[in-house]
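Visitor: Generate a structure from the sequence data that follows.
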Amino acid sequence: MANIKIAIVDDHQIVRDGIKILIEDEPGFEVLFEAENGKQATDLSKKHSPDLIIMDITMPKMNGIEATEIIKNEQPDVKILALTMLSEDQHIKKMIKAGASGYILKSSGREELIKAINTIIGGKHYFSDDATQAILQELVQPSVSKAKEPDDVNITDRELEVLKLIVNEFTNQEIADQLYVSVRTVDAHRRNLLQKTGAKNTAGLVKFAIKNNLFENNDNG
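Guide: Numbering: from 1, shown residues only. Purely as a prediction, here's the structure:
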């Protein structure tokens, strides 16, 4: 099996060095290139076509959000793992909207980094628990947001079940097995959810679930 080709994008050399050491110690992983800003990342990505990019958010010249949008538009198959700090919760949401498949904290250890990479390469999303909690905390505060509530979009109980499993990184086949339905039925529920919520992809559904606090509602219901 070919190595997973990974790019590291961060404006701090010491951060890149640390991540590189962790990655190169893992069999099957290969550091393809490093970049210190989003502009370098987009140029090098076009030239070298990595499988996955570990992308810092706040960088000079071009930030990680802009770079992610450009790379995903030009190379949709390239996976993006956002590298964040807890204080960047607003930026995290923008990174997911731009096309990132997940995020981990800069304080994460080797085990979580490897797990995040493997999860995303496997076609799923990975969201650091600590960062997700920070976003949830911000979202449950009183606000003047005009976002639709779940009732406004008429999501059925079965669709909520499917949505929760999607958020928990289940594949369509795993959801079908869990709910004792066909994969075609799961596909139909997913399409309905995308249409009702206005989401464009799985990341959009995750954002909707977080914004409407559906994690807690489903766990209690």
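Visitor: quick one: which helix or strand includes residue 161?
Guide: When elements are assigned from DSSP states H and E, residue 161 belongs to helix 157-167.
Visitor: Counting by contacts, list what that helix packs against.
Guide: helix 172-179, helix 183-197, helix 202-211, helix 214-220 (3 or more CB pairs under 8 Å, 6 or more residues apart in numbering; DSSP states H and E). Heads up, the C-betas are built off the backbone N, CA and C, glycines and all.
Visitor: Alpha carbons only: can I get that helix in PDB?
Guide: Provided in PDB are the C-alpha atoms of helix 157-167 (Å, rounded to 0.1, in the frame of the first residue of the first chain):
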ATOM      1  CA  ASP A 157     -37.500  11.300  14.200                       C
ATOM      2  CA  ARG A 158     -35.900   8.800  11.800                       C
ATOM      3  CA  GLU A 159     -33.900  11.600  10.100                       C
ATOM      4  CA  LEU A 160     -32.700  12.800  13.500                       C
ATOM      5  CA  GLU A 161     -31.500   9.300  14.100                       C
ATOM      6  CA  VAL A 162     -29.600   9.300  10.800                       C
ATOM      7  CA  LEU A 163     -28.200  12.700  11.500                       C
ATOM      8  CA  LYS A 164     -26.900  11.700  14.900                       C
ATOM      9  CA  LEU A 165     -25.100   8.700  13.400                       C
ATOM     10  CA  ILE A 166     -23.700  11.000  10.600                       C
ATOM     11  CA  VAL A 167     -22.300  13.300  13.200                       C
END
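Visitor: Next one: residue 217, what pLDDT does it get?
Guide: What the model reports as pLDDT for residue 217 is 40.
Visitor: now do residue 201
Guide: For residue 201, pLDDT reads 83.
Visitor: Likewise for residue 178?
Guide: So, for residue 178, pLDDT stands at 88.
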